[in-house]
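1. Coordinates for the following, if possible.
(one chain, ligands or ions: 1)
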Amino acid sequence: MCGIVGFTGKQNAAPILLEGLTRLEYRGYDSAGIAVREGDKPPVIVKAKGRLKNLYEKTNDGMAVIGACGIGHTRWATHGEPSENNAHPHCSDDLNVIGVHNGIIESYQQIREKLTRKGYRFHTETDTEALIKYIDYYYKKYNMGPIDAIAKTMVRIRGSYALAVMFRDYPGEIFVARKDSPMILGMEDGEAYLASDVPAILKYTRNVYYIGNMEMARLSPGKITFFNLDGDEIEKEPTLIQWDTEAAEKGGFQHFMMKEIHEEPKAVRDTIHSVCHDGAIDLSAVGLTTEEIRNVDMIHFVACGSAYHVGAAAQYVMEDLARVRVRVELASEFRYRRPILGKNDLVIAVSQSGETADTLAAIREAKAQGIKTLAIVNVVGSTIAREADHVFYTLAGPEISVATTKAYSAQLAAVYLLAVQFALDRGMVDGQTYDKLLGDILRLPEQIEKTLEDKERIQWFAAKFSGAKDIFFLGRGIDYAIALEGSLKMKEISYIHSEAYAAGELKHGTISLIEDGTLVVGVLTQENLYEKMISNLVEVKSRGAYLMGLTSYGNYDIEDTVDFTVYIPKTDPHFTASLAVVPLQLMAYYVSVARGLDVDKPRNLAKSVTVE
Ligand code: AGP
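-> Predicted structure coming up:
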């Protein structure tokens, strides 16, 4: 997820672009750049790695760059390390075309190969450079202007984009195109604006135009013309934005956490599609070969917090599907216990930030023993990503709220894909089962979307228990891993004491804590353990517990036992964590809001724990 901005009018563009990018930093912040044109002079391009302040410094707050037409970009790397060279804008070598892009061009390798054969050279690792040069190619080949060149490119690429482009032959004008990635346009007092999101232009205009999917537009000072894919002009009416800036940065949600929960379908979809092409999983970008997969003796997941809970779920999924031995460990324990690792073991580190000190130390311990390492991380170029032998990037985009939600869900998708590919490569499943499992994974984003429809009921229930002293989460198998995450979400943002327990273990002591009215949340998505779980819930109910049941549609008999039920769509039992976690995230969120707490910045916590 990146942020793009654009402006054309009477004022100097650079300060406006920088202000807009500042409002979009929550969309990405590992590098940034602007391109500004003064009349028909060539564009001045300035880029900087790191936070936006570096670009401010390089442009003397925008005052050193003259011109009334420009585009800008703040990056969240998906293809290519964070660097000045990979920062946007990207351009054709002759500066005929220059542009910025938010999205993922899945077919960028094929585009690079085709254009290389046509004599193009590439100087960055980005998909965006390929996209811009593809537009340049069609602009020169057909010589029918920018809209035609962009349209011809759009019908030949696979992926998502919010794209803003300047052409040498069209000074003072910006051309845009959109598919799946967000973009809004604005106009005020003879000047035109574009941005990934409303906050970037709210200071200048509240008259916003929403460009549709597969549509294009031409921005000139005080005029915006919209086009469909055939190049025909289309009319659009402006929308008056009522939001204030802060609300707009959260997409209209009250907190980043709720916004990011709603981004889970896209985070999971993008992560799946990063390795899933034409009905098969392709781990070549991860760098794991079939032979390496076959030779793995044992897998050790090492992580902290919610990432550890991904490992806990992965242990069940990987062992059951791929029949490979899996151990999951807290990274903070792994690094000090002098682990005994086999030479053909694989250590998998899971980390949203890629900077967690304990997890980094665990990776280094494994490498010190000569063991192959794989990192599942959300931040391109992060320390853990750079030090691991292999990297599987999740494409959740920047996660602002301290409590992880969409990154956790994207990590789950990554381990499912690894498990299914391991199972196939190690001969544990046939092609038909592989296809069925992959089909279930591909359906998860829409099913996650469906779980969000229940949020009003969950909000009502959460408000009833916002005064609770203790909340227990019970589960067996993968449901225990889900319970672990549900309990942590509740603790870290509501400050209510909570414990997750393997339901079969409760009777060995902890059940003594169950009193009249104690809230117990039972997670029952594993059909083979369902009856056992019901028995455990009856046990705690007989001691006065108030029961919430979380299970799949169809298990309606649960209502004979529990006091409140939340249902999730049916999926393969290996993948239920992706669906069951959403009601638990929502429940923790609503309890925290009911308690008037700072949901996005809970006390004592940091988004990335880079110290021991
Ligand atoms: C989860 O909501 C917490 N923010 C925390 O447990 C987090 O998962 C843990 O610190 C690991 O962080 P990482 O994924 O960036 O390594």
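
2. What parts of the stretch 251-400 of the chain come near the ligand?
-> Cys304, Gly305, Ser306, Ala307, Ser351, Gln352, Ser353, Thr356, Thr359 (CB under 6 Å from any ligand atom). Where you see a C-beta, it was placed from the backbone N, CA and C, and this is true even at glycine.

3. contacting residues around the fifth one?
-> Residues in contact with Ser351, defined by CB atoms under 8 Å, 6 or more residues apart in numbering, are Ala303, Cys304, Ala307, Thr359, Ala375, Ile376, Val377, Asn378, Ser382, Ile384.

4. Mind listing the residues bridging to the fifth one?
-> When you say that, I think you mean Ala375. Counting by DSSP bridges, Ala375 is bridged to Ala349, Val391.

5. quick one: average pLDDT of stretch 571-578?
-> Across stretch 571-578, pLDDT averages out at 98.

6. and it, how far out from the chain's middle?
-> 19 Å (CA atoms, centre = their mean, to the nearest Å).

7. So which residues make contact with it?
-> Under CB under 8 Å, 6+ apart, the answer for stretch 571-578 is 268, 313, 316-317, 320-321, 409, 412-413, 416, 419, 436-437, 440-441, 443-444, 447-448, 478-479, 481-482, 485, 525-528, 552, 568, 579.

8. next one: stretch 413-431
-> Contacts for stretch 413-431 (CB under 8 Å, 6+ apart): 268, 271-272, 275-276, 281, 283, 290, 293-294, 296, 310-311, 313-314, 317-318, 321-324, 348, 350, 376, 392, 394, 433-434, 437-438, 441, 444, 574-575, 578.

9. in it, what's buried?
-> Buried residues in stretch 413-431, counted by 16 or more other CB atoms under 10 Å: 413-426, 428-429.

10. any idea how far the residue of the stretch 101-250 of the chain found nearest the ligand lies from Asp197?
-> As assessed by CB to the nearest ligand atom, the ligand sits closest to Lys250 within the stretch 101-250 of the chain, at 17.9 Å. As judged by CB to CB, to the nearest Å, Lys250 and Asp197 stand 10 Å apart.

11. Have a look at these two and say which one is more surrounded.
-> When Lys250 and Asp197 are compared for neighbours, Asp197 comes out ahead with 23 against 20, by other CB atoms under 10 Å.

12. Could I get the pLDDT score of the more buried one?
-> 89.

13. was I right about it contacting Pro182?
-> Yes: if you go by CB atoms under 8 Å, Asp197 and Pro182 touch, sitting 6.0 Å apart.

14. Now do the helices in the stretch 201-350 of the chain.
-> In the stretch 201-350 of the chain, the helices defined using DSSP state H, counting those that start in this stretch lie at 245-249, 256-262, 264-273, 290-295, 305-322, 331-334.

15. buried set for the fourth one?
-> Within helix 290-295, the residues that qualify as buried by neighbour count (16+ other CB under 10 Å) are Glu292, Ile293.

16. which helices and strands sit right next to it?
-> Judged by 3 or more CB pairs under 8 Å, 6 or more residues apart in numbering; DSSP states H and E, the packing partners of helix 290-295 are helix 406-425.

17. let's see 10 Å
-> Applying 3 or more CB pairs under 10 Å, 6 or more residues apart in numbering; DSSP states H and E, one finds that helix 290-295 contacts strand 345-351, strand 372-377, helix 406-425.

18. Specify the angle between the longest one and strand 372-377 in degrees.
-> Here helix 406-425 runs at 140 degrees with respect to strand 372-377, directions being taken by axes from the mean of the first three to the mean of the last three CA atoms, to 10 degrees.

19. Contacts only, for the residue in the stretch 51-200 of the chain that the ligand sits nearest to.
-> Nearest residue of the stretch 51-200 of the chain to the ligand (CB to the nearest ligand atom) works out as Trp76 at 15.1 Å. Neighbouring residues of Trp76 by CB atoms under 10 Å, 6 or more residues apart in numbering: 1-3, 25-31, 82, 102, 378-380, 395-398.

20. distance of Ala361 from the ligand?
-> In this view, Ala361 and the ligand are 12 Å apart by CB to the nearest ligand atom, to the nearest Å.

21. Hmm, that residue is touching Phe334, no?
-> Yes: between Ala361 and Phe334 there is a contact at 8.4 Å, judged by CB atoms under 10 Å.

22. and the two? which has more neighbours close in?
-> Per other CB under 10 Å, whichever of Ala361 and Phe334 has more neighbours is Phe334, with 26 against 17.

23. got a list of what the more buried one touches?
-> 300-303, 327-328, 341, 347, 349, 358-359, 361-363, 365-366.

24. sorry, back to before: between Ala361 and Phe334, what contacts are shared?
-> Joint contacts of Ala361 and Phe334 (CB under 10 Å, 6+ apart) are Val302.

25. Smallest gap between the stretch 201-350 of the chain and the ligand, at which residue?
-> Closest residue of the stretch 201-350 of the chain to the ligand, CB to the nearest ligand atom: Gly305 (1.8 Å).

26. so that residue makes contact with Ala407?
-> No: counting by CB under 10 Å, Ala407 is not a contact partner of Gly305; they are 11.1 Å apart.

27. out of these two, which sits in the more crowded spot?
-> Ala407 (30 against 24).

28. coming back round to it: can you pull the residues that touch both of Gly305 and Ala407?
-> Listed as contacting both Gly305 and Ala407 by CB under 10 Å, 6+ apart are Val350, Ser351, Gln352.

29. Spell out which residues sit in contact with the last one, please.
-> Same thing as Gln352. 303, 305-307, 310, 376-379, 382, 394, 396, 399, 404, 406-408, 410-411, 607-608.

30. if we go to 8 Å?
-> So Gln352 contacts 306-307, 377-379, 394, 396, 399, 404, 407-408, 411, 608 (CB under 8 Å, 6+ apart).

31. Got a quick ChimeraX command for the buried subset of those residues?
-> ChimeraX command restricting the contacts of Gln352 to the buried ones, with burial defined by 16+ other CB under 10 Å:
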select :306,307,377,378,379,394,396,399,404,407,408,411
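
32. Now tell me which of the contacts of Gln352 the prediction trusts least.
-> Comparing pLDDT over these, Ser608 scores lowest. The value there is 84.

33. Tell me how far that residue lies from the ligand.
-> Ser608 is 5 Å from the ligand, by CB to the nearest ligand atom.

34. Neighbours of the nearest residue to that residue once chain neighbours are set aside, how many?
-> Closest residue in space to Ser608, ignoring its immediate chain neighbours: Ser353 at 3.6 Å, by CB to CB, 6 or more residues apart in numbering. If you count neighbours by other CB under 10 Å, Ser353 ends up with 21.

35. Ser353 in helix, strand or coil?
-> coil (DSSP: H, G, I helix; E, B strand; the rest coil).

36. which outside residues touch the helix or strand bottoming out on mean pLDDT in the chain?
-> Within the chain, judged by mean pLDDT, DSSP states H and E, the helix or strand with the poorest mean is helix 245-249; its value is a mean of 74. With CB under 8 Å, 6+ apart as the test, helix 245-249 has contacts from Arg23, Tyr26, Asp197, Val198, Pro199, Leu202, Lys203, Ile241, Gln254.
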